[in-house]
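S.K.: quick one, what's the 3D model for this:
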Amino acid sequence: MSYTWPWVSLIAQFKFQSQPGWARHFALLMHSTPFVADALELAQVLIPIPLSFKRLSERGFNQSLVLSQQLSREKTHPSSLLRMRNTLAQSSLPRNERLTNLKGAFVVAPLMAAKLRGQRILLIDDVMTSGATLNAAAQVLKQAGAAHVSALVFARTPA
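M.R.: This next block holds a predicted model:
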């Protein structure tokens, strides 16, 4: 979806007003998008973008995790990628500061590194603006030995 009306307000309800029930509907729409079923089938592991402890405690749930579980509960590995520090909200930063904001933010969980080596991974997130978050996460997973990393998001800001 394009991150425009009505999706902006529905995603805000989902993320910021503790309405995780939207995940089922969003996942259904994602699944019906061309090529998504193939991407989900080819992926061996789905990894939701993790939230910082601070943001998780504010929201009460990780929106990317509930989306991922709706797409494939059995392939979702919620503890494989860790967010090591709280970062400024990417949406609050100009494009040129987004990559540096995430430097060192993600690591692969030490006990999961061997299991991810050689795997086809699909990162799951709710919204993509610049792609900096997905890029930072993908780099860490590739450094850990993932064979292929791609991403699936519910909405993307218009270019």
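S.K.: quick one, phi psi at the residue lying closest to residue 69 once chain neighbours are set aside?
M.R.: Closest residue to residue 69 apart from its sequence neighbours, by CB to CB, 6 or more residues apart in numbering: residue 76 at 5.2 Å. The way it works is simple: take the backbone N, C-alpha and C, and place the C-beta from them, glycine included. Backbone torsions for residue 76, taken as degrees, to the nearest 10, come to phi -70, psi 130.
S.K.: cool, and residue 126?
M.R.: Per-residue torsions, residue 126: phi -80, psi -50 (degrees, to the nearest 10).
S.K.: what about stretch 45-62, how long is it end to end?
M.R.: One end of stretch 45-62 to the other measures 18 Å (CA to CA, to the nearest Å).
S.K.: what's in contact with that stretch?
M.R.: Residues from elsewhere that reach stretch 45-62 (CB atoms under 8 Å, 6 or more residues apart in numbering): 15-16, 18, 20, 40, 64-65, 67-68, 71-72, 75-78, 80-83, 85-87, 106, 116, 119-125, 133-134, 137, 141.
S.K.: show me which of those residues are buried.
M.R.: Among the contacts of stretch 45-62, those scoring as buried are 15, 20, 40, 64-65, 67-68, 71-72, 75-77, 80-81, 83, 87, 106, 116, 119, 121-125, 133-134, 137, 141 (criterion: 16 or more other CB atoms under 10 Å).
S.K.: spatially nearest residue to the spatially most central residue of the chain, not counting backbone neighbours?
M.R.: Against the mean C-alpha coordinate of the chain, by CA atoms, centre = their mean, the closest residue is residue 125 at 2.6 Å. With sequence-adjacent residues excluded and distances taken as CB to CB, 6+ apart, residue 125 is closest to residue 49, at 4.4 Å.
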